[in-house]
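**Student:** Next come a sequence and a model predicted from it.
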Amino acid sequence: MFNLTGRVAVITGGSGALGFAVAKALHSLGAYIILLGRSSDKLGDALIQIDALTVRGSFYACDVADEVSLERAYAEIIAQHSKVDILVTCAAAPAISGKFEDTSLQQWRSLLSIDLDGVFLACRIFGRSMIQKGYGRIVNLTSFHNVATYPYRTIYNAAKSGVEGLSRALAVEWGHHGITTNTVAPGPILTPRTQWFLEQDVQNKDGMLSRTPNVRIGDLEDVSAAISFLVSDEAKHINGQQIVIDGGWSKNAWWGNHTDLN
Amino acid sequence: MFSLENKVAVVTGGSGDLGYVISKAYLDAGANVILVGRNIVKLKEAVHKLQCSDRSMFFVADVSDDNQVNIMVEKVIEKYGCIDILVTAAGTQYRSPVISFDHEKWEEVIKVNLNGTFYCAQAVAKQMALQRSGRIIMITSLTAEIGIPNISAYAASRGGIKQLSRTLAVELAPMNITVNCIGPGRFNSTMTADIFKDEIKRKKFLDVIPMGRAGSPEDLAGVSVFLASDASSYITGQSIYVDGGWLAGCGNILG
């Protein structure tokens, strides 16, 4: 079960913390992993850490927001592997937070160009091989902001809601090609974005834990494990779903402290 | 990541289509499995077919009777010392137009599907709270999200189960117990056999599924192992539908 031997997996944002965790998990299940990111040095380091530099792993430096750059990576990958079975989009723009009334169009465009355009381009370009082969697994990273949003994160929420909508539409449009498209929505997971949030104020951690029913901040492995499941053959009839990984946060409307229920 | 080695799993409706496949998947993943059901003949057959006598057994109990459920849970704990996983796959269906829906039938469906799920979850959660760990997986259905005529009791029970799972998820999370639902979409099973007999109904039934086929009970194997394994320890209160994409389009199809 859950074996990925023989599968070719493309991971965008492959040198970021989340992309790295995903690459490591898929590699451990037998997949050939191809990391995409902007910095060759960082991608190379990531592969070395996974022990995949020479075994079932490679990388292509490219910019997910740039169509030409992504097309070039696609052409090289197809020339080398003749297919892409799995796409996981982990690339994300640096966090932006602020009052909506002060948000500039430039900020809006710069975040959307990576978080939304990047997913649009990756799905369209790598999906070509999946359509051709009649098999594909796409997992796009969204956020529990889709379900339980915060104030001051309007652009981010708009981008992630866009990714969710795109994914559901693709699930319906590409299902008959044997391609499933699902999303994974991390909640209070120690991603770089959460790390950044925690650093803004020392009270943010207590605030987060007090809202999380299972009273811990999740690990990157909690996310990579769910993705490993969704890209496996065992998930072949799961399509258009969003799995929220948040320790129960987005279903929680209790006023009390969960440690008191202990 | 996905191993269930040495875990103890109770599967209600264990001799039914879904419960049987889930039981088999758990055995394959290394767990001990207790199949619960009302019909001793079917349970015996199921356990025999599983061909894993050292790690599988059955227990006769009617989940709609809280007393029988409590005894079943006590006996399992007596034998194994713990319960790590509960899957509530026992369920029944009754089709009738709402206007003439028989009240006794309504109560029967609610008793087996909703009360049965609650009784089992309650009795097992008591033990899991002592263990400070556990996984509860309930079976909901697409009918918890969208409307299908003539199954009002079934749909109400599945919607109730979905909401029960969310409440339990939030309440039991501090005890390290996760509670999630699996929601089958349109499946080819005993419950839908009447639809598959009729070619026109069958085509209409399948046309709305983006993946182009009905689900089979085997499609639940992976997700049931995932939700019972360490891989999902931070996922709780979720309903994962196994529907080939039907819900994403709510029946809108290409063309």
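**Tutor:** Received, thanks. Residues are numbered from 1 along each chain as shown, chains lettered A, B, ... in the order given.
**Student:** residue boundaries of the helices in chain B?
**Tutor:** Listed in chain order, the helices of chain B (DSSP state H) span B:17-28, B:40-50, B:66-80, B:103-110, B:116-131, B:152-172, B:193-197, B:199-207, B:221-228, B:246-249.
**Student:** can these go into JSON lines with extra columns for mean pLDDT and mean neighbour count?
**Tutor:** In short, each C-beta sits where N, CA and C put it, glycine included. As requested, these are exported to JSON lines (pLDDT from 0 to 100; neighbours: other Cβ atoms under 10 Å in any protein chain shown):
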{"stretch": "helix B:17-28", "mean pLDDT": "97", "mean neighbour count": "24"}
{"stretch": "helix B:40-50", "mean pLDDT": "97", "mean neighbour count": "16"}
{"stretch": "helix B:66-80", "mean pLDDT": "98", "mean neighbour count": "17"}
{"stretch": "helix B:103-110", "mean pLDDT": "98", "mean neighbour count": "15"}
{"stretch": "helix B:116-131", "mean pLDDT": "98", "mean neighbour count": "21"}
{"stretch": "helix B:152-172", "mean pLDDT": "97", "mean neighbour count": "21"}
{"stretch": "helix B:193-197", "mean pLDDT": "83", "mean neighbour count": "12"}
{"stretch": "helix B:199-207", "mean pLDDT": "84", "mean neighbour count": "12"}
{"stretch": "helix B:221-228", "mean pLDDT": "98", "mean neighbour count": "26"}
{"stretch": "helix B:246-249", "mean pLDDT": "92", "mean neighbour count": "23"}
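**Student:** And the pLDDT for A:Asn262?
**Tutor:** With respect to pLDDT, A:Asn262 scores 62.
**Student:** what's the burial count for B:Asp230?
**Tutor:** Residues within reach of B:Asp230, counting by other Cβ atoms under 10 Å in any protein chain shown, total 13.
**Student:** Name all residues that make contact with the residue nearest to it when sequence neighbours are not counted.
**Tutor:** Once flanking residues are discounted, B:Asp230 sits nearest to B:Met1: 6.4 Å by Cβ to Cβ, 6 or more residues apart in numbering or on different chains. Listed by Cβ atoms under 8 Å, 6 or more residues apart in numbering or on different chains, the contact set of B:Met1 reads A:Phe2, A:Ala25, A:Ser28, A:Ala225, A:Ser228, B:Ser229, B:Asp230, B:Ala231.
**Student:** Out of those residues, which end up buried?
**Tutor:** Buried members of those, counted by 16 or more other Cβ atoms under 10 Å in any protein chain shown: A:Phe2, A:Ala25, A:Ser28, A:Ala225, A:Ser228, B:Ser229, B:Ala231.
**Student:** Going by distance to B:Gly16, which of these wins?
**Tutor:** Each of the buried ones among the contacts of B:Met1 was checked against B:Gly16 using Cβ to Cβ; the closest is B:Ser229, at 22.5 Å.
**Student:** Okay, that closest one and A:Gln242: tell me how far apart.
**Tutor:** According to Cβ to Cβ, to the nearest Å, B:Ser229 and A:Gln242 sit 20 Å apart.
**Student:** Which elements pack onto the helix or strand containing A:Gly165?
**Tutor:** Using DSSP states H and E, A:Gly165 sits in helix A:154-174. Under the contact criterion of 3 or more Cβ pairs under 8 Å, 6 or more residues apart in numbering or on different chains; DSSP states H and E, helix A:154-174 touches helix A:105-112, helix A:118-133, strand A:136-141, strand A:179-186, helix B:246-249.
**Student:** how about 10 Å then?
**Tutor:** helix A:105-112, helix A:118-133, strand A:136-141, strand A:179-186, strand A:242-245, helix B:246-249 (3 or more Cβ pairs under 10 Å, 6 or more residues apart in numbering or on different chains; DSSP states H and E).
**Student:** Any buried residues in that helix, and which?
**Tutor:** Neighbour-count burial for helix A:154-174 [16+ other Cβ under 10 Å]: A:154-164, A:166-168, A:170-174.
**Student:** Quick one: closest of the helices and strands packed on helix A:154-174 to A:Ile86.
**Tutor:** strand A:136-141 (4.7 Å).
**Student:** orientation of the closest one relative to strand A:179-186 in degrees?
**Tutor:** 20 degrees (axes from the mean of the first three to the mean of the last three Cα atoms, to 10 degrees).
**Student:** Greatest separation within the contacts of B:Met1: which pair is it?
**Tutor:** Of all pairs in the contacts of B:Met1, the most separated under Cβ to Cβ is A:Ser28 and B:Ser229 at 14.7 Å.
**Student:** Heading C-terminal from the host helix or strand of A:Leu35, find the next helix or strand.
**Tutor:** Taking DSSP H and E as the definition, A:Leu35 sits inside strand A:32-37. Of the helices and strands lying after strand A:32-37 in sequence (DSSP H and E), the nearest is helix A:40-50.
**Student:** who does the helix or strand following that following helix pair up with?
**Tutor:** Sequence order places strand A:57-61 as the next helix or strand after helix A:40-50, per DSSP H and E. Strands adjacent to strand A:57-61 in the sheet, as given by DSSP bridges, are strand A:32-37 (parallel).
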